[in-house]
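*Asks:* dropping a prediction and its sequence here:
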Amino acid sequence: MSIQFSSEVRERAVHMVIEHRAEYPSEWATLVSIASKIGCTPETFRTWCRRQGGDVVPANKNTAEGERIKVLKREVRELKKANEILRLASAYFAQAELDRRLK
């Protein structure tokens, strides 16, 4: 039986690898640990990470650089959310303006 994981679960799991990579001796050890917690095989989980663009921070990156990358990725996510909210608000107010003109 094959379990289907939502894209949100996959994305969060990949981010867990990025966040907890420094706690394990290797990337594979990180993948094995997190895969067992979410109920998939480590190889499947590795495939998700690779499809995500190979975001996994290598062990040889210094911590300051890794922290900076984390901060920047968080900022990018927040800005994408803000842009989506603004786009939806703009469409809402544009439609409201059209409705007001038709009355």
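*Replies:* Here it is on my side, so go on.

*Asks:* okay, CA-based contacts and neighbour counts for the rest of this
*Replies:* Will do.

*Asks:* for Arg10, helix, strand, or coil?
*Replies:* helix (DSSP: H, G, I helix; E, B strand; the rest coil).

*Asks:* for this protein, which helix is longest?
*Replies:* Criterion DSSP state H: the longest helix present in the chain is helix 63-102.

*Asks:* for that helix, which helices and strands make contact with it?
*Replies:* The helices and strands touching helix 63-102, judged by 3 or more CA pairs under 8 Å, 6 or more residues apart in numbering; DSSP states H and E, number zero.

*Asks:* got the domain boundaries for the chain?
*Replies:* As assigned by automatic domain parsing, the chain contains the domains 1-59, 61-103.

*Asks:* report the rounded mean pLDDT for the longest one.
*Replies:* In this model, domain 1-59 carries a mean pLDDT of 81.

*Asks:* off-centre distance for it?
*Replies:* Computed by CA atoms, centre = their mean, to the nearest Å, the chain-centroid distance of domain 1-59 equals 11 Å.
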